[in-house]
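> Sequence and computational prediction follow.
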Amino acid sequence: MIAPVLGRHLSFVKGLVALYLIFLVIFFAAAPFLTLWLYAETDLSRSLLPQLIGFCLQGAFLVVVFAIYEKRTTIQAKRGHKFALRSAVASLIRPLDSDGGWVGKMMSSSPTILTQFQQDIMDRGFSGEQTKKLGQHARTILVSLESLTVLAAQIDVDHLEHWGLILNSIRELVDVESPKQARDGMMELIDAVRDFDELYIY
């Protein structure tokens, strides 16, 4: 519920900023031509033309500053969305992790640590009870994870596509019946998470 509302709010704010920047660009692009037309037959030393040109140049500088600020704000927001998505995925294994080690590894964006996590799962495997808990918890959080798709969409198309692959991997974990299925499903999920982490935010 919070994610869609947040997404609509951010989209509205970004729309207002975009309209403001477009207005500034049009205004400061037209201002020099307008002033030249108004003061075409006026003595330059007695007119306001130099001041107006200086004002237009200052306005153009402000447009550039606002554009850079808006770009940086957008990138920071996208990084926040990505962190929220990764945190949500890491919560999948929380019921299986008594000391917090697995959750920490699942939260890491380091390919090396994720590979170590895969090796831990291969070495330890899952018990029948853990397999049951994994399937139940995957079913419990799946709806919440699907609702976060709007955040992936606000990052870019590539993140949205890879988020879909992560969701597909979790859907398969819902129906696991054996420890081997649980292990293979987690291997696939971690691979999808690693690919998601490697995507760059522009």
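Nice, thanks for sending it over.

> switch to C-alpha atoms for all contacts and neighbour counts from now on
Noted.

> other SSEs contacting the top helix by length along the chain?
Ranked by residue count and defined by DSSP state H, the top helix of the chain is helix 49-90. With contacts defined as 3 or more Cα pairs under 8 Å, 6 or more residues apart in numbering; DSSP states H and E, the packing partners of helix 49-90 are helix 2-38, helix 101-107, helix 128-147, helix 149-155.

> can we see that at 7 Å?
When contacts are defined as 3 or more Cα pairs under 7 Å, 6 or more residues apart in numbering; DSSP states H and E, helix 49-90 sits against helix 2-38, helix 101-107.

> which stretches of this structure aren't confidently modelled?
1-18, 20-21, 24-56, 97-100 (pLDDT under 70).

> Distance of the residue nearest the centre of the chain relative to residue 85?
What sits nearest the mean C-alpha location of the chain, by Cα atoms, centre = their mean, is residue 78, with 3.2 Å. From residue 78 across to residue 85, the span is 11 Å (Cα to Cα, to the nearest Å).

> Over to residue 68?
26 Å.

> Compare neighbour counts for the two and give me the winner.
Comparing residue 68 with residue 85 by neighbour count (other Cα atoms under 10 Å), the higher total belongs to residue 85, at 17 against 12.

> what's the nearest residue to the more buried one if we skip its chain neighbours?
Closest residue to residue 85 apart from its sequence neighbours, by Cα to Cα, 6 or more residues apart in numbering: residue 148 at 7.1 Å.

> Pull the residues that contact the helix or strand where residue 173 lies.
Assigned by DSSP states H and E, residue 173 belongs to helix 157-174. The contact list for helix 157-174, computed with Cα atoms under 7 Å, 6 or more residues apart in numbering, reads 135-136, 138-139, 152-153, 182, 185, 188-189, 192-193, 196.

> Show me the two of the residues you listed that sit farthest apart.
The most widely separated members of the contacts of helix 157-174, counting by Cα to Cα, are 153 and 182 (28.6 Å).

> more crowded one of those two?
More neighbours surround residue 182 than the other of residue 153 and residue 182, with 26 against 17 (other Cα under 10 Å).
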